[in-house]
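>>> From the sequence below, what's the structure:
(2 chains)
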Number of protein chains: 2
Amino acid sequence: MKKAIVALGGNALLRGDQLGTIEEQEQNSKDTLENIVYLIKAGYNIVITHGNGPQVGNILMRNDAGEEMYKIAQMPLDICVADSQGGIGYMLERMLRNVLKENNIEKEVVTLVTPVEVDINDEAFKNPTKRVGKIYNKAQADKLSNEKKWIFKSDPKLPDGWRRVVPSPQPIKVMNYPVIDQLVEAGNIVIAVGGGGVPVYIDEKKHVRPAEAVIDKDRASSVLGIEIKADEFYILTDVPYVFINFKQPGEKKLETLTVKEAKEYLKQGMFGEGSMAPKVEACIKFLENGGKKAIITEARELSKPGSGTQIII
Amino acid sequence: MKKAIVALGGNALLRGDQLGTIEEQEQNSKDTLENIVYLIKAGYNIVITHGNGPQVGNILMRNDAGEEMYKIAQMPLDICVADSQGGIGYMLERMLRNVLKENNIEKEVVTLVTPVEVDINDEAFKNPTKRVGKIYNKAQADKLSNEKKWIFKSDPKLPDGWRRVVPSPQPIKVMNYPVIDQLVEAGNIVIAVGGGGVPVYIDEKKHVRPAEAVIDKDRASSVLGIEIKADEFYILTDVPYVFINFKQPGEKKLETLTVKEAKEYLKQGMFGEGSMAPKVEACIKFLENGGKKAIITEARELSKPGSGTQIII
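Numbers count the residues shown, from 1 in each chain, chains lettered A, B, ... in the order given. Have a look, this model is predicted:
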């Protein structure tokens, strides 16, 4: 039986133009999961991973507001990411159980809280780049920088907007991958590695420590795919195909792409930095380490087998 | 190999006199988990369940503050409980991995997000009793009651304190119990049923729906114990023994207690309503449905086998 990792992008759960209510998130999830049923019907055993950008952003803002209004101790970033894995994972599990029921598919769904190991010596820790949480003004940012040792960068879109930046290190190991693999091999649908995983590192005493960081969910999904020897890796995003020169002169839709071609386009900067480029990189890593095929597409394209950009060795 | 459910009380994670910082919660968890190692060394396969009272209380307050300060959409109670399962479960998993490492025990630890089914016709939905979240004044409570249809009860300890009350229905089924059982039987330590589980019900179309409720963690742990045919059920709390007439004239420590005796004492109101009585009831249910022994005690007593109040058929 073929094994696939399906990574849901942020917009599969919550779109930028939405308020973020639970009703919106549930409807978006349901729409996405109804398309994933095509893979299940085609006989795949699947692991679903997902982003958490808007949700963890809201959790961080609520942490800030709770401290400000009620003096409730703020939780560190690792706990906030873990919280988001619980909430989003449960929501996806519940919607998926209902979608399976409607399709008369008998499968167990199980959601795992997932720590992911990073290297504390990763260069990313010296250069935090990932913006998280609330937009502050300069005075607030200076105060927090002083009090909590947070690092801030200005927001290019705002005159006096400052945001906390955290490192985005490379994932090394999905800590519970052997359990994920057992569960998937037994035919369960597993939801895991939410938000790219809760970042932890192993210290010199071999203890697991929290890392104040976030992990890219496509990178972490790629690592999991390699660890559990998945055949295929689906990255579901908001475009049906990968394009080169996207929304520019010479735009071209890519239907099939070899790893060699993908590397060449990456070198030429043909994909959006911070948007499509890291997705293509995650696919390349998967394919160079045993994966058979990686697909970047929109959820609704799953109803048409062979659709979307297919990346192969 | 013997199978045990170990339910951690709120104070195992956070004590009433503490601020609720992550450092406090980590230290308390570590202290508790170091005692659970005695059970692991004694050869038990274990599932750890836990409460979430203070944590979900803080999550609800932050939700309120986030809406008030930043207009962030509030999440419903089921999502808040699921968030708390993520955060607490990850923290326990991380601390347990370290405690196992220090004790040279090689075991996988896995944390599951756990929906628990309740009956939407449970009498509890007609009479919500469980206080959750922030203390409001009358005017605020009336406004929220109007806007969100929340039900409020006055706080007996405060002159103008009103708190939202939610139903606490009986758990019927731990939805992922077959997976929990597979994982435990394979020798993994499983953390599940956090906060008594995320309450859901099955509607007339067989869909899984969220219930705005909370589930007692000892009751849910008892149900899980029955489902996975656990041999023993440990409820870890803040006293080493169950007492009758606790802190009153005629106080008596109970070392061994039969189900029959326990039922008699319950009938006579010898245990604290809302504190010890529901724990004893959860034990009785477990023992009347296949469990061999239930133990109510403090974590530190686990180092002395046979200690704590032992309840038997």
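
>>> Point out the other helices and strands that the one helix or strand residue A:61 maps to packs with.
Residue A:61 is part of helix A:53-70 when elements are defined by DSSP states H and E. Here helix A:53-70 touches helix A:77-102, strand A:130-136, helix B:53-70, going by 3 or more CB pairs under 8 Å, 6 or more residues apart in numbering or on different chains; DSSP states H and E. From N, CA and C alone the C-beta is placed, and that goes for glycine too.

>>> what's the angle between that helix and helix B:77-102?
Angular relation of helix A:53-70 and helix B:77-102 on a 0 to 180 degree scale: 90 degrees, by axes from the mean of the first three to the mean of the last three CA atoms, to 10 degrees.

>>> residues in contact with the least confident helix or strand in chain A by mean pLDDT?
Ranked by mean pLDDT, DSSP states H and E, the weakest helix or strand in chain A is strand A:130-136, scoring a mean of 87. Contact with strand A:130-136 is made by A:56-57, A:60-61, A:64, A:77, A:144, A:152-153, A:155, A:158, A:161-168, A:213-214, B:70, as judged by CB atoms under 8 Å, 6 or more residues apart in numbering or on different chains.

>>> PyMOL command to pick out the buried ones of the residues you listed?
Selecting only the buried entries of those in PyMOL, with 16 or more other CB atoms under 10 Å in any protein chain shown as the criterion:
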select buried, chain A and resi 56+57+60+61+64+77+144+152+161+162+163+164+165+166+167+168+213+214
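
>>> Close to chain B: what parts of the stretch 151-300 of chain A are there?
Taking CB under 8 Å from any CB of the partner chain, the part of the stretch 151-300 of chain A that reaches chain B is made up of A:175-176, A:178-179, A:182-183, A:186, A:188, A:191, A:198, A:200, A:206-208, A:210.

>>> how far away is residue A:97 from chain B?
5 Å (CB to the nearest CB, to the nearest Å).

>>> just checking, that residue touches residue A:109?
Yes - between residue A:97 and residue A:109 there is a contact under CB atoms under 8 Å: 5.6 Å.

>>> okay, which residue of chain A is out on the far edge from center?
In chain A, the greatest distance from the average C-alpha position (CA atoms, centre = their mean) is reached by residue A:139, at 32.3 Å.

>>> Name the SS class of that one, please.
Assigned by DSSP: H, G, I helix; E, B strand; the rest coil, the conformation of residue A:139 is helix.

>>> Flag every buried residue along stretch A:194-213.
Neighbour-count burial for stretch A:194-213 [16+ other CB under 10 Å]: A:194-202, A:207-208, A:210-213.

>>> How far away from the center of its chain is it?
Put simply, stretch A:194-213 sits 17 Å off its chain's centre (CA atoms, centre = their mean, to the nearest Å).

>>> What of stretch A:119-139?
Distance of stretch A:119-139 from the chain centroid (CA atoms, centre = their mean) equals 18 Å.

>>> how far does that stretch stretch from start to finish?
Taking CA to CA, to the nearest Å, stretch A:119-139 runs 33 Å from one end to the other.

>>> Buried residues of it, list them for me.
Buried, per 16+ other CB under 10 Å, within stretch A:119-139: A:120, A:122, A:124, A:125, A:128, A:130, A:131, A:132, A:133, A:134, A:135, A:136.

>>> got it, and stretch A:246-265?
Quick answer for stretch A:246-265 (16+ other CB under 10 Å): A:246, A:254, A:257, A:259, A:262, A:265.

>>> Please apply the same query to stretch A:187-196.
For stretch A:187-196, burial by neighbour count (16+ other CB under 10 Å) applies to A:188, A:189, A:190, A:191, A:192, A:193, A:194, A:195, A:196.

>>> Using PDB, list the CA coordinates for it.
Provided in PDB are the C-alpha atoms of stretch A:187-196 (Å, rounded to 0.1, in the frame of the first residue of the first chain):
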ATOM      1  CA  GLY A 187      -4.100   1.800   8.400                       C
ATOM      2  CA  ASN A 188      -4.800   4.700  10.700                       C
ATOM      3  CA  ILE A 189      -4.900   8.300   9.300                       C
ATOM      4  CA  VAL A 190      -2.400  10.200  11.400                       C
ATOM      5  CA  ILE A 191      -2.500  14.000  11.900                       C
ATOM      6  CA  ALA A 192       1.000  15.100  13.200                       C
ATOM      7  CA  VAL A 193       3.800  17.700  12.900                       C
ATOM      8  CA  GLY A 194       1.400  20.600  13.300                       C
ATOM      9  CA  GLY A 195       2.900  23.900  12.600                       C
ATOM     10  CA  GLY A 196       6.200  22.200  11.600                       C
END
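
>>> what's the average pLDDT for that stretch?
Here stretch A:187-196 scores 98 as its mean pLDDT.
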